[in-house]
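>>> Sequence and predicted model, in that order:
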Amino acid sequence: MNYDFEYYYNNVPGKGLCRNNLIYTSLINKERTVFCQWYHNDTDYHRGQNQIVDPSLMEEKWQREIKYITLMNDFYPEHIPVILDIDLTHRKIFYAVEGDDFWQQSFSSSYDEVLPDWRFQMMDIFRAHRELGMYKYSLHPSSYFVVDGKLKSINYFFCYEDSDPMISLASVMSHISEDRQADLFPKMSAMGIDVNQPTSFKDIQLLAFESFKTNFPADLMDQAKHLYE
């Protein structure tokens with residue numbers, strides 16, 4: 001697609017411009033109506049802090065993104081932004097959006113002011129994931145956009161299903177920010193999870209919900225956990 005794209009960053013209070021995602025390169029057009037996930041290890045975008053430098057790992061993340069965003073589009077299209085195009089050659093997905101992501105919008109107000117019923121909509125998205133047998137660990141508020149008053153979910157590169165071989169948390173640490181890693185380790189210890197040992201996808205999902213209490217209300221994350229317990 002021929003759009004005038006620029007790098008997309010989150011302008012985080014107290015930190016300034018921060019990359020929107022640790023894996024792919026985030027792009028947005030000048031009008032902020034088209035968001036692009038570019039599965040490309042762009043050193044300029046990541047400012048020398050590239051975390052996914054293995055081409056085979058980047059390809060795996062791309063394939064998971066395609067698989068699970070397609071699954072969502074087939075069964076729950078109301079929960080994701082409209083997919084304008086998928087460029088398989090250049091590993092790009094283009095979405096129709098309305099401005100900045102949910103997290104960025106909340107900096108100048110609050111989640112409730114951005115979208116009054118966001119909690120109910122987010123739970124509907126979690127229920128869709130559960131219905132599809134999907135475990136989704138990328139839950140950061142920048143993984144959502146608001147389009148026409150509806151919460152829309154992206155970032156399906158960090159998804160698994162029961163037919164996948166179990167993974168250890170150590171094998172996916174490159175996907176996880178240092179701040180979240182610091183939060184995860186005591187929670188893993190409390191749950192009896194050994195970072196180096198294969199762990200059930202259910203336990204990792206419960207851990208993810210527990211960790212994202214740093215971003216969302218604890219009662220909402222506990223409600224989400226009940227879907228998988």
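Arrived safely, thanks for sending.

>>> so who does Lys213 touch?
Neighbouring residues of Lys213 by CB atoms under 8 Å, 6 or more residues apart in numbering: Met221. No exception for glycine: its C-beta is placed from N, CA and C like everyone else's.

>>> How about the secondary structure of it?
Here Lys213 is helix, with the state taken from DSSP: H, G, I helix; E, B strand; the rest coil.

>>> Retrieve the pLDDT associated with it.
Reported pLDDT at Lys213 in the predicted model: 96.

>>> If you count contacts, what does the longest helix seen in the chain end up packed against?
Longest helix of the chain, by residue count under DSSP state H: helix 55-75. Applying 3 or more CB pairs under 8 Å, 6 or more residues apart in numbering; DSSP states H and E, one finds that helix 55-75 contacts strand 83-87, strand 92-96, helix 118-131, strand 159-160.

>>> residues in contact with the second one?
I take that to be strand 92-96. 1, 3, 33-39, 65-66, 69, 80-87, 145, 147, 152, 154.

>>> Just the buried ones from those residues?
34-39, 65-66, 69, 80-81, 84, 145, 147, 152, 154 (16 or more other CB atoms under 10 Å).

>>> And the helices in the protein?
43-46, 55-75, 102-106, 111-114, 118-131, 178-191, 201-211, 218-226.

>>> Switch the ones you listed over to TSV; also include distance to Ala96.
TSV is the format used below for those (distance: least, CB to CB, whole Å):
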stretch	distance to Ala96
helix 43-46	22
helix 55-75	13
helix 102-106	15
helix 111-114	18
helix 118-131	18
helix 178-191	29
helix 201-211	27
helix 218-226	27
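
>>> Go through the ones you listed and name the closest to Asn11.
helix 102-106 (6.9 Å; CB to CB).

>>> ok, residues contacting that closest one?
10-11, 99, 111, 113-115, 118, 140-142, 144-146, 151, 215.

>>> Just the buried ones from these, in PyMOL syntax?
If you want just the buried ones from the contacts of helix 102-106 in PyMOL, going by 16+ other CB under 10 Å, the selection is:
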select buried, resi 10+111+114+115+118+140+141+142+144+145+146+151
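
>>> Between the contacts of helix 102-106, which sits nearest Leu206?
Asn215 (16.1 Å).

>>> in stretch 212-229, what's buried?
212, 216, 220-221, 224-225, 228.

>>> With stretch 181-195 instead?
For stretch 181-195, by 16+ other CB under 10 Å, it's 183-184, 188, 193.

>>> Excluding chain neighbours, give the residue nearest to Phe212 in space.
Counting by CB to CB, 6 or more residues apart in numbering, Phe212 lies nearest to Leu139, which is 4.9 Å off, once chain neighbours are set aside.

>>> What of Val147?
Per CB to CB, 6+ apart, closest to Val147 is Glu98, 5.1 Å.

>>> give the contact list for that neighbour.
32-33, 145-148.

>>> Check Asp164 too.
Per CB under 8 Å, 6+ apart, neighbours of Asp164: Phe201.
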